[in-house]
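In: coords below, sequence missing:
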């Protein structure tokens with residue numbers, strides 16, 4: 001990233017900081033998903049959260065990160081990503097981010113030509129000082145694969161930057177298996193069938209298969225989570241509504257046919273946070 005680009009980034013961040021809104025500096029946040037919250041306990045703000053996902057799961061991972069940010073922060077967000085990220089998973093989509101409770105007007109999207117440029121930009125994205133009531137609230141570092149520059153030392157720098165700045169860092173790693181890092185918690189995310197609102201005969205809520213692979217301050221586990229765009233909260237999926245077969249009719253099932261009334265087709269997860 002050139003000196004001119006870095007200077008422009010700093011000016012943009014300064015502009016966002018001038019209109020930032022504080023949540024009061026709480027030290028933790030929750031998902032809203034009863035079972036996951038009970039197992040994981042309060043989740044740390046001002047820490048490094050690592051999210052890993054397969055390359056073709058980029059929309060699901062993006063939506064999950066947007067939901068996490070909506071749960072913990074109303075201050076401005078800097079979203080850093082590689083130039084190639086848009087070609088693989090689509091560009092950030094403003095209406096999609098809004099559906100996850102993340103106001104596009106407070107998101108500054110910055111692209112770097114390669115992983116090293118993105119990591120360098122992250123160093124300038126975190127606000128200076130240690131007052132959690134001011135400046136940028138969250139920084140997303142979106143990288144593809146397993147670049148050599150993203151080693152344990154680099155992740156430790158992100159941990160310290162987030163702590164000192166009073167911001168939360170999200171390391172979004174696409175198309176790579178988990179690797180050593182200093183992250184407080186590591187999430188694995190993929191899309192899950194949306195099981196809610198079957199009676200409406202339309203797409204249900206965005207749904208995620210979430211596994212906590214590592215948690216320095218609590219338990220691990222796996223859950224299916226739906227996003228409630230009205231409550232801006234993750235929740236447990238609603239039961240699938242099945243249509244019972246009439247008891248007074250004889251069984252007319254023939255080979256090669258599906259018995260009427262006993263099948264509920266799960267709709268795929270809808271609403272992508274990236275277009």
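Out: Looks like it arrived, so ask away. It should be emphasised that the depicted structure is a prediction, and the values quoted were computed from it without experimental measurement.
In: Going by C-alpha atoms from here, please, whenever you check contacts or count neighbours.
Out: OK.
In: doesn't residue 172 fall inside a strand?
Out: Yes. Counting by DSSP: H, G, I helix; E, B strand; the rest coil, residue 172 is located in a strand.
In: Which of the three states applies to the nearest residue in space to residue 41 that is not next to it in sequence?
Out: Nearest non-adjacent residue to residue 41, counting by CA to CA, 6 or more residues apart in numbering: residue 218, 6.9 Å away. Look at residue 218: counting by three-state DSSP, its state is coil.
In: Now do the same for residue 218: its pLDDT.
Out: Per-residue pLDDT puts residue 218 at 85.
In: Also residue 177?
Out: As predicted, residue 177 sits at a pLDDT of 77.
In: I'd assumed residue 51 was in contact with it.
Out: No. Assessed by CA atoms under 8 Å, residue 177 is found out of contact with residue 51, at 10.6 Å.
In: Those two: who's more crowded?
Out: residue 51 (26 against 12; other CA atoms under 10 Å).
In: list the contacts for that one?
Out: Contact partners of residue 51, counting by CA atoms under 8 Å, 6 or more residues apart in numbering, are 61, 65, 170, 171, 172, 173, 186, 187, 188, 189.
In: 10 Å instead?
Out: Counting by CA atoms under 10 Å, 6 or more residues apart in numbering, residue 51 makes contact with 61-62, 64-65, 142, 170-174, 178, 183, 185-189, 210-213.
In: Show me what it bridges to in the sheet.
Out: Judged by DSSP bridges, the bridge partners of residue 51 are residue 172, residue 187.
In: nearest residue to residue 72 other than its sequence neighbours?
Out: Residue 72's closest residue in space is residue 29 (CA to CA, 6+ apart), at 5.7 Å.
In: I figured that neighbour was touching residue 45, is that so?
Out: Yes. Applying CA atoms under 10 Å, one finds residue 29 in contact with residue 45, separated by 7.0 Å.
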